[in-house]
Every structure is written in structure tokens, then in C-alpha cells.
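**Student:** Have a look at this prediction, sequence included:
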Amino acid sequence: MRDRFSTGVVYVLAGLLAALLTGCTQPAAGGESDEKTGVTASVSPSATRASGFGAVFLAVDECSSFGKASFTEVPCTSERAAARVVARHDGTPSGGPPCPATTDFVLHISEQSQISDEDGDGAVPQGYACMRNLQPPHPGDPGGGGGPRTIVGDCVYGSGSGQVRETACDGKGVRKPQYKVVKAVAERSRCPLSTALYVQLGGAQPVGCARPL
């Protein structure tokens with residue numbers, strides 16, 4: 001039986017490669033400011049949505065397939081399903097709520113209008129979907145080496161020019177880990193004495209205390 005599916009214009013915020021929130025770091029004993037950065041990759045699927053498949057494109061608990069040129073919404077029971085929406089927000093990530101801590105990647109959904117909308121009202125608002133892979137690996141997990149957010153348990157390495165990037169703590173990534181975020185606190189003064197790097201995490205506990213490995 002053929003799966004019903006719908007497509008939306010989406011952008012992948014290199015969810016498997018980089019962060020939504022910039023992680024700025026600085027050695028505890030001085031030195032250059034470090035920053036976690038990433039690259040945004042874009043895809044261009046069709047803007048046509050099959051009518052009757054959900055009230056909102058990629059709503060919470062709906063699933064998407066993976067593809068080199070596009071992402072499509074599919075039933076979570078489908079063999080094509082690869083990731084589930086764990087949170088869905090209108091607007092842009094920079095102006096909206098952050099994704100859950102263990103989000104694996106983020107899909108940006110661009111604004112649409114007229115016949116390409118979800119419910120026939122002439123508009124599909126700009127938004128973003130926080131995605132979690134249905135099967136491992138989960139780069140958003142602590143130490144997983146990816147995901148849009150840096151969280152406690154993640155590892156980073158110096159990438160040059162005063163910057164750091166996240167990498168897998170098990171050493172199986174492209175680069176070996178040099179520091180591990182061991183605690184999240186409200187301000188730097190609350191980090192342990194062993195802290196060698198301060199990582200900007202955002203949220204209620206915005207400072208990550210990282211120790212050398």
C-alpha cells in the first residue's frame with residue numbers, strides 16, 4: 001500500500017554537523033575566545049502538500065523520511081520513516097524557543113502560500129521542526145558529537161582561529177575530543193576549579209564548564 005506523504009520546502013540546519021545556538025568558549029586562564037559554528041545545507045523539494053494528511057506539516061509526533069534532495073512527511077509506521085518531530089515552532093530558531101536538548105537535527109520550513117499551504121487558508125507560516133532519529137545513532141545525545149545544541153556531557157576540540165567544535169566523546173569522530181562539558185551553571189564563578197573552558201549553552205544555566213581530557 002502506497003504511503004500518503006506530503007512535502008514542504010525545508011532547510012536542514014546541518015543538524016548532524018553543527019549547532020543552532022552558538023557556543024562561545026574561552027580558556028579559564030585567559031586566551032582567545034572560541035566559538036562553535038556550523039554550515040547550513042539547503043534542499044529543494046516540491047512545495048505541494050497532499051491534502052488531508054495532518055493539519056500541520058511535520059507536527060509534533062509526525063515523522064519524516066530522509067533523502068538527498070528532499071524530506072517528506074510519512075506515517076511513522078512506514079518503512080521510509082527515519083525521524084520523528086519532538087517539537088515544532090513557528091518563526092526562526094534565533095527568535096523562537098530552543099529545541100529539546102537531545103534533538104538530533106533541525107528542519108527549517110519556509111513560508112508557503114496559496115495551493116501549497118496546509119489547510120487551504122492561503123498560508124503556511126515559516127517555522128522549524130526539532131527532529132529525533134528513530135534509530136541510532138543519536139548525535140544529539142550527550143557525547144554524541146552533533147545535534148543543534150551543546151549540552152552537559154558533550155565534547156569539543158579546538159578547530160583553530162580561536163574556535164572549538166563538537167565531536168564524539170568516544171573518539172570515533174573525525175577529530176579527537178579535547179574537552180568535556182561536565183556542568184551547566186548560571187555564571188562562570190560557579191564552575192569547578194578544574195574548568196579549563198567556558199561554553200555558552202543558553203537557557204537558564206547558560207555557562208558550560210568544560211574540563212580537559
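**Tutor:** Perfect, I can see it now.

**Student:** helix, strand or coil for the nearest residue to Asp154 once chain neighbours are set aside?
**Tutor:** Nearest non-adjacent residue to Asp154, counting by Cβ to Cβ, 6 or more residues apart in numbering: Val181, 5.1 Å away. Where you see a C-beta, it was placed from the backbone N, CA and C, and this is true even at glycine. Three-state call for Val181 (DSSP: H, G, I helix; E, B strand; the rest coil): strand.

**Student:** since we're on Val181, how many residues are nearby?
**Tutor:** Close neighbours of Val181, defined as other Cβ atoms under 10 Å, add up to 28.

**Student:** State the pLDDT value of it.
**Tutor:** Val181 is assigned 97 on the pLDDT scale.

**Student:** before we move on, what about Gly95?
**Tutor:** 85.

**Student:** That one: which element?
**Tutor:** Per DSSP states H and E, Gly95 falls between elements, in no helix or strand.

**Student:** Can you tell me how far it is from Ala87?
**Tutor:** Gly95 is 15 Å from Ala87, where distance means Cβ to Cβ, to the nearest Å.

**Student:** Comparing these two, which residue is more hemmed in?
**Tutor:** Applying other Cβ under 10 Å to Gly95 and Ala87 shows that Ala87 carries more neighbours, namely 17 against 8.

**Student:** any idea how far that one is from Leu197?
**Tutor:** Ala87 sits 28 Å away from Leu197, going by Cβ to Cβ.

**Student:** Check Gly173 too.
**Tutor:** 18 Å.

**Student:** The two: who's more crowded?
**Tutor:** Ranked by neighbour count (other Cβ under 10 Å), Gly173 and Leu197 place Leu197 first, with 23 against 18.

**Student:** Ala184 versus that one, what's the distance?
**Tutor:** Leu197 sits 13 Å away from Ala184, taking Cβ to Cβ as the criterion.

**Student:** Next: Thr72.
**Tutor:** Distance from Thr72 to Ala184, by Cβ to Cβ: 36 Å.

**Student:** Cys76 now?
**Tutor:** Using Cβ to Cβ, we find Cys76 at a distance of 32 Å from Ala184.

**Student:** So which of those two has more stuff around it?
**Tutor:** A direct count of neighbours by other Cβ under 10 Å for Cys76 and Ala184 places Ala184 higher, at 20 against 13.

**Student:** bridging residues for the more buried one?
**Tutor:** Applying DSSP bridges to Ala184 gives these bridge partners: Gly208.

**Student:** Next, the contact list for it, please.
**Tutor:** Neighbouring residues of Ala184 by Cβ atoms under 8 Å, 6 or more residues apart in numbering: 151-152, 201, 203, 205-209.

**Student:** TSV please, covering these and showing pLDDT and neighbour count.
**Tutor:** TSV is the format used below for those (pLDDT from 0 to 100; neighbours: other Cβ atoms under 10 Å):
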residue	pLDDT	neighbour count
Ile151	95	22
Val152	96	18
Leu201	88	24
Gly203	81	11
Gln205	92	14
Pro206	93	15
Val207	94	22
Gly208	94	28
Cys209	96	25
